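> What shape does this take:
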Amino acid sequence: MLLIFGCLQTDIAKGQGTAADYQRADDLGRRVQDKVFRSEVKANWLKDGRFWYRVKTGPSESRFILVDTENGNREEAFDHKQLADSLSNATGKQVNADQLPIRTLRFSKDGKLIKFSSAGKTWEYDSKTHDIREAKTTVPANETTITVLPFPRVGTRQGAETHVTFINRTENKIKLYWINDVQNPTFYADIGPGKRHEQRTFGGHSWLVVSENKKPLGVFEATDAKGVAVIDGTWRPGRTGRRPRGEGNRQTRNGVSPDERWQATITERNVILRDRKSGKEFQLTSDGREEDAYLGRIYWSPDSKKFVVYQQRQGQNREIHVVESSPKNQLQPKLHSYTYEKPGDRIAQSRPRLFDVEKKEQIAVSDELFSNPWRISESHWSADSSQFSFLYNQRGHQVLRVVAIDAATGKANAIVDEVADTFICYSSKTFYRRLDETNEIVWMSERDGWNHLYLYDSKTGQVKNQITKGEWVVRGVDRVDVENRQIWFRAGGIHPDQDPYHVHFCRVNFDGTELVVLTNGDGTHGIEFSPDGKYFIDRYSRVDLIESVVRERV
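All right, here's what the predicted structure looks like:
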């Protein structure tokens, strides 16, 4: 036994690596720095659809390139030697054409005049006559250097670790979200007016900036190089499609009804309804208690006649204990205790409770279709107030169900009923989008053995059609264009002659027709749309292929 244990210890030690191994890994970034050039295209879009970018041609050399997206022409944005000579004469300092001290450019409408900042001044250069003069207006400092997106979408890759500095040039506080889920992005930071925030992230990750009232102020994608994102109120969304009426309704502020006549609150774990006009209060429940309390989120129907509150039964709240042997602030070991649920433990479970405002009473709802929830989410009233629905994820993750409750009777029906003998991958293969204007649902499922999208009738629960099909998988949905009834998504394995793990971008109609694969190169793709949505820049690479960049028409 001692010999075996000794051998195991030796193997473990070998697996840990040496100090030299760690030093070599730490030095990797420095050793490969400035070894590959002309590998990145960071588009700076112009109003006429063209874009320019700065391409690195050597360790400290670069050129400015202008691309006409309409005809595909790519050329130098100006005569670099002529501009260098003109700038040298104007400043009295020698300027190298391959090392122009310029970070950002502004073009006149006719493309003749170029405005830039250099040597602490703003200059205006005539590309035809090569005349240069000091401009009266300035080019804003710290221009955005990372990719600007026309609409929110999940990042298409995880590149190198990097940092983005978000600068708030508005007069109000803004909020920063990581788009790991388009419908439910993760909050990261508040940024005050005039302030900046440095965010650690990865190349390819997408970030959303909104105002305090949730108005989008910008969508950005980090590049592998450190960059800056300026929020100044000028960002405008691209072709995202019209937002469906009634989509994504959430709990109302302070429990006040949409018509502002009523207010529902939770007092001593029970539901109280107050007539804001007369001030009279009505206690609607009496069964709320510490171990089974009504929660404070109130979901009002659009017509203000019904509302839903969740009642949550507490879990077992098992505690586990960890001993910190050598705490920094004391000599003795320190005990830490945490609430940690284990398999088989009773977990906290919420159930919806429906209330009738006119009758001042609760409408009974059978929980047969959602009796053992791991999570209930996506609470939603239909636009006509006829039904309240939610997404039910059963404990054990073998049932994922959209349950609709009739507002008049309290009867529960399964609109979508996803059942698996093994496991439903709810964390990465769930997409649920309600389209209230057409009474439809876009749903993701692996029911045919491949991860695909389906279109449901939200009133009857019938599948209208399978949107995507084939021996390939949908990797994620980027955009649902309601107006044009199209879905933009990422796919894997859609090119049978390529590695099935390569990510490609596609578009398809709601009815499953006109599937268009937007990317074809043999590799994993990331795309950037032009502000008008007519073109996109396609970047793709493989483990054995450096990044290639292609301009494509949508």
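> which stretches of the chain have low pLDDT?
1-15, 119-120, 137-143, 238-253 (pLDDT under 70).
> where do the helices sit along it?
Secondary structure of the chain (DSSP state H): helices located at 2-16, 19-26, 28-32, 80-91.
> Give me the buried positions along the third one.
Yep, that's helix 28-32 we're talking about. The neighbour-count check on helix 28-32 (16 or more other Cβ atoms under 10 Å) flags nothing as buried. The C-beta positions use only the backbone N, C-alpha and C, and glycine is treated the same way.
> i'd like the first residue to be 411 from this point on
With the count now opening at 411, the last piece we talked about shows up as helix 438-442.
> How far off centre is that helix?
Distance, stretch centre to chain centre, for helix 438-442: 31 Å (Cα atoms, centre = their mean, to the nearest Å).
> Convert the C-alpha atoms of it to CSV, please.
What follows is helix 438-442, C-alpha atoms only, in CSV (Å, rounded to 0.1, in the frame of the first residue of the first chain):
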residue,chain,number,x,y,z
LEU,A,438,3.9,32.8,-24.3
GLY,A,439,2.1,36.1,-24.9
ARG,A,440,5.4,38.1,-25.1
ARG,A,441,7.1,35.5,-27.2
VAL,A,442,4.4,35.5,-29.9
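> care to break this structure down by domain?
As recorded under automatic domain parsing, the domains making up the chain are 454-544, 557-641, 652-837.
> Make JSON lines from these and add mean neighbour count to it.
Putting these into JSON lines (neighbours: other Cβ atoms under 10 Å) gives the following:
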{"stretch": "domain 454-544", "mean neighbour count": "16"}
{"stretch": "domain 557-641", "mean neighbour count": "17"}
{"stretch": "domain 652-837", "mean neighbour count": "15"}
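> Figure out which of those is closest to residue 889.
Closest approach to residue 889 among the domains of the chain (Cβ to Cβ): domain 557-641, 6.0 Å.
> mind checking the end-to-end distance for that closest one?
13 Å (Cα to Cα, to the nearest Å).
> Stretch 754-767 too?
39 Å.
> Centre of the chain to it, how far?
29 Å.
> Would you format the domains of the chain as a markdown table with distance to residue 888 included?
Converted to a markdown table, the domains of the chain look like this (distance: least, Cβ to Cβ, whole Å):
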| stretch | distance to residue 888 |
| --- | --- |
| domain 454-544 | 19 |
| domain 557-641 | 4 |
| domain 652-837 | 15 |
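> Out of these, which is closest to residue 435?
domain 557-641 (13.4 Å).
> what sits opposite the residue lying closest to residue 921 once chain neighbours are set aside in the beta ladder?
With Cβ to Cβ, 6 or more residues apart in numbering as the criterion, residue 921 has its nearest non-adjacent residue at 5.7 Å, and that residue is residue 875. Beta-bridge partners for residue 875, by DSSP bridges, are residue 865.
> show me the contacts for residue 875.
864-865, 921-922 (Cβ atoms under 8 Å, 6 or more residues apart in numbering).
> what does residue 901 give?
Shown in contact with residue 901 (Cβ under 8 Å, 6+ apart): 878, 882-885, 913-916, 927.
> One more: residue 488?
Per Cβ under 8 Å, 6+ apart, neighbours of residue 488: 474, 524, 535, 537.
> Put the alpha carbons of stretch 599-615 into CSV.
The C-alpha trace of stretch 599-615 is given here as CSV (Å, rounded to 0.1, in the frame of the first residue of the first chain):
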residue,chain,number,x,y,z
ALA,A,599,-21.9,47.5,-13.4
ASP,A,600,-23.4,50.9,-13.0
ILE,A,601,-21.4,53.7,-14.7
GLY,A,602,-22.0,57.3,-13.6
PRO,A,603,-22.2,60.3,-15.9
GLY,A,604,-18.7,61.2,-17.1
LYS,A,605,-17.2,58.1,-15.5
ARG,A,606,-15.4,55.1,-17.0
HIS,A,607,-15.4,51.4,-16.1
GLU,A,608,-12.7,48.9,-17.0
GLN,A,609,-14.3,45.5,-17.6
ARG,A,610,-12.4,42.2,-17.8
THR,A,611,-13.7,40.0,-20.6
PHE,A,612,-12.8,37.8,-23.6
GLY,A,613,-12.5,38.6,-27.3
GLY,A,614,-15.8,37.9,-29.0
HIS,A,615,-18.0,38.5,-25.9
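> Strands of the stretch 661-810 of the chain, residue ranges please.
672-677, 680-685, 691-693, 702-710, 716-723, 729-734, 744-749, 759-766, 771-773, 783-791, 797-804, 809-816 (DSSP state E, counting those that start in this stretch).
> Let me know which of those is the nearest to residue 613.
Taking the strands of the stretch 661-810 of the chain one by one with Cβ to Cβ, strand 783-791 is closest: 30.5 Å.
> Let me know the angle separating that closest one from strand 716-723.
Angle, strand 783-791 to strand 716-723, by axes from the mean of the first three to the mean of the last three Cα atoms, to 10 degrees: 170 degrees.
> and residue 600, what is it in contact with?
Here residue 600 is in contact with 583-586 (Cβ under 8 Å, 6+ apart).
> Show me what residue 886 bridges to in the sheet.
residue 900.
> What's the local residue count around it?
20 (other Cβ atoms under 10 Å).
> how close does it sit to residue 909?
Residue 886 sits 18 Å away from residue 909, taking Cβ to Cβ, to the nearest Å as the criterion.
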